[in-house]
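S.K.: Quick one: sequence plus predicted model below, questions after.
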Amino acid sequence: MKKLSIILVAVLGIFTFSSCEDFLDMKPTNQLASSEAINTAADAKVFMNGIMTRLSSSNLYGLNLFLYADAKGGDLTIFSQGRGSDGLYSFNHNPNSGSYSGFWTTSYNTILQLNNLIDNIAKLEAEGASEDFGDMKGQALTIRALVYFNLVKIYGLPYTQYSPTQSLGVPKVLEVLDASALPGRATVAENYEHIIADLNEGAKTITKTVSTSTNGYPTYWANRAIAARVYEAKGDHANALAAAKEVIDSKKYSLYSNEDWVDSWSEQFGDESIFELQMLVNENALTTGSIGAYYSRIHHYSSKVGGYFAASDYWLERMSEDPEDIRWGVMAYDENSESYDKKEFAGKGDRLGCSYKYFGGVDMPGDGKDDCAACNVKVVRLSEMYLIAAEASLALGKADDAAEYLNAIRKRSPSLEPATASTVTVEMILNEKSKEFFQEGVRYWDRLRHGEKIEFNDEIMGIDCPHRDKVIDTKSYHKIVLPISVDELNANPTLRTQQNPGYPAYTN
């Protein structure tokens with residue numbers, strides 16, 4: 001994979017070659033100067049700052065990871081084509097265009113940095129370093145597992161619906177590669193194996209402290225929460241329940257009351273936030289390219305915001321089961337509403353299809369920074385652990401526990417009857433996740449995991465999607481995973497025979 005190798009060499013050069021010190025003496029806050037190496041815990045922390053910034057880029061948690069899973073899961077629709085990223089919704093993907101190769105390149109660039117950090121820490125420890133690098137090592141292993149988990153979901157067929165030992169995942173690169181290396185794809189099962197191994201190894205040394213000093217970085221509890229996600233994705237209900245329950249029972253985090261839930265979106269590092277990425281104005285904030293902008297009403301935050309995505313009728317119908325659901329509090333009218341022409345809220349009958357979670361609320365207060373679009377990204381929240389625990393408990397025959405975990409979140413719909421051991425179903429749990437995690441990149445993965453058919457709300461504005469049907473069968477439709485881009489295939493001969501099924505075969 002020459003393209004990957006070029007990235008490896010280029011980033012390695014940052015740490016091995018000197019620069020002209022008289023050009024710019026100011027040291028960046030999120031990377032090491034080129035003449036330095038990782039020799040101290042402070043160096044490792046600076047290195048980790050750079051990794052956290054990369055995670056918040058538009059190709060990862062800054063936008064596309066959330067948008068990918070929302071646009072493809074049936075909870076979003078579009079009012080017009082060509083405004084931006086509608087190819088995710090229409091599944092307009094092929095190796096030459098619309099491949100969203102930024103997932104691949106940015107992830108492997110991040111993995112390179114993580115491998116550099118892990119390898120350097122191992123070297124220092126072998127040399128008898130006096131400083132404790134345990135937390136940094138645990139963080140790096142946890143983030144490497146998270147990045148690989150996202151990659152294998154995007155490029156590898158769902159673990160629970162296809163043969164994980166036969167279907168291909170992504171290249172397994174757990175050390176800094178030589179420039180000539182051309183790794184091929186591991187199987188999905190092999191990817192999950194090393195993801196879980198990284199999480200378990202990282203859990204041994206990563207801090208359990210939850211304080212202002214750990215804000216913006218993964219802790220032991222984030223590690224276990226990510227593990228719960230991974231186990232859920234592979235259908236390992238016992239381990240998913242154990243990991244989620246450990247986080248819940250730790251009491252390190254607490255669910256918001258109904259009165260506080262809406263305002264929580266204008267807070268940084270709140271009581272439910274297990275792992276949160278810090279977005280900084282003039283550093284990594286994405287303004288008109290942010291999550292908030294892509295879900296807001298056209299031209300609301302800025303004249304440059306195109307009204308990209310809104311809630312589908314199907315999601316709105318699900319929410320409408322309870323008009324008193326507190327999660328309506330972050331929704332505002334969209335351009336298909338009577339209010340859009342009047343430029344003011346018309347009230348009853350309006351289509352509340354625009355989410356303002358990542359503007360801090362419908363009044364766009366942000367979360368305490370000068371730009372409301374610079375809201376921190378909540379990667380993992382406690383409410384997800386309750387819903388993972390609910391589904392796992394139900395699968396394990398513990399219906400009473402499943403209802404109890406579900407009701408802890410279902411109470412956000414105060415007019416709905418609580419679930420009981422006799423009424424709780426998987427559908428109820430997944431519907432609750434849909435409502436709770438709208439705009440947070442969850443829905444598609446649940447639907448793939450269960451092999452569900454997904455219906456898209458194309459008819460709302462007469463959208464023509466020639467690249468997919470209105471209803472797709474996730475058990476047979478090849479575009480449920482992305483193709484490997486032609487650039488990667490050109491660069492790495494090993495990958496040329498490993499394209500995802502259904503996409504065009506490689507040709508010179």
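M.R.: In hand now; what should we look at? Numbering: from 1, shown residues only.

S.K.: quick check: domain ranges of the protein?
M.R.: If you go by automatic domain parsing, the domain ranges for the chain are 1-19+28-206+478-508, 287-375.

S.K.: out of these, nearest to residue 227?
M.R.: Using C-beta to C-beta as the measure, domain 1-19+28-206+478-508 is the one of those that comes nearest residue 227, at 4.8 Å. In short, each C-beta sits where N, CA and C put it, glycine included.

S.K.: roughly how far apart are residue 126 and residue 177?
M.R.: Distance from residue 126 to residue 177, counting by C-beta to C-beta, to the nearest Å: 20 Å.

S.K.: neighbour-wise, which of those two wins?
M.R.: residue 177 (19 against 8; other C-beta atoms under 10 Å).

S.K.: isn't that one right next to residue 183, touching?
M.R.: Yes. Applying C-beta atoms under 8 Å, one finds residue 177 in contact with residue 183, separated by 7.2 Å.

S.K.: what about the helices in the stretch 351-500 of the chain?
M.R.: With DSSP state H, counting those that start in this stretch, the ranges of helices along the stretch 351-500 of the chain come out as 382-395, 399-410, 426-436, 443-449, 486-491.

S.K.: Most tightly packed of those helices?
M.R.: Burial of those is given as mean neighbour count (mean count of other C-beta atoms under 10 Å); helix 382-395 ranks first at a mean of 25.

S.K.: circling back: would you turn the domains of the chain into CSV with mean pLDDT?
M.R.: Formatted as CSV, the domains of the chain follow (pLDDT from 0 to 100):
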stretch, mean pLDDT
domain 1-19+28-206+478-508, 89
domain 287-375, 93
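
S.K.: Throw those domains into JSON lines and include distance to residue 443, thanks.
M.R.: Below are the domains of the chain laid out as JSON lines (distance: least, C-beta to C-beta, whole Å):
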{"stretch": "domain 1-19+28-206+478-508", "distance to residue 443": "3"}
{"stretch": "domain 287-375", "distance to residue 443": "9"}
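
S.K.: how about the ones you listed, which one is nearest residue 405?
M.R.: Comparing the domains of the chain by C-beta to C-beta, domain 287-375 comes nearest, at 18.1 Å.

S.K.: Endpoints of the closest one, how far apart?
M.R.: End-to-end span of domain 287-375 (C-alpha to C-alpha, to the nearest Å): 10 Å.

S.K.: what's the spacing between that domain and its chain's center?
M.R.: Domain 287-375 sits 20 Å away from the centroid of its parent chain (C-alpha atoms, centre = their mean, to the nearest Å).

S.K.: do the same with stretch 113-125
M.R.: With C-alpha atoms, centre = their mean as the basis, stretch 113-125 stands 25 Å off its chain's centre.

S.K.: Now it - C-alpha only, CSV.
M.R.: Output of stretch 113-125 as CSV, limited to C-alpha atoms (Å, rounded to 0.1, in the frame of the first residue of the first chain):
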residue,chain,number,x,y,z
GLN,A,113,0.7,8.1,15.0
LEU,A,114,-0.7,5.7,17.6
ASN,A,115,1.8,3.0,16.6
ASN,A,116,4.6,5.5,16.9
LEU,A,117,3.5,6.4,20.4
ILE,A,118,3.0,2.7,21.5
ASP,A,119,6.4,1.6,20.0
ASN,A,120,8.2,4.6,21.6
ILE,A,121,6.7,3.9,25.0
ALA,A,122,7.6,0.2,24.7
LYS,A,123,11.2,1.2,23.9
LEU,A,124,11.4,3.6,26.9
GLU,A,125,10.0,1.0,29.3
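
S.K.: Can you check which of the domains of the chain gets nearest to residue 471?
M.R.: Across these, closest to residue 471 is domain 1-19+28-206+478-508 (C-beta to C-beta), at 9.5 Å.

S.K.: And the residue nearest the centre of this structure?
M.R.: For the chain, the residue sitting closest to the mean C-alpha position, by C-alpha atoms, centre = their mean, is residue 65 at 4.6 Å.

S.K.: Can you name the residues that contact that one?
M.R.: 103, 150, 441 (C-beta atoms under 8 Å, 6 or more residues apart in numbering).

S.K.: So which of these is surrounded by the most neighbours?
M.R.: Neighbour counts for the contacts of residue 65 peak at residue 441, which has 23 neighbours (criterion: other C-beta under 10 Å).

S.K.: do you know how far it is from residue 465?
M.R.: 21 Å.

S.K.: and what of residue 127?
M.R.: Distance from residue 127 to residue 465, by C-beta to C-beta: 58 Å.
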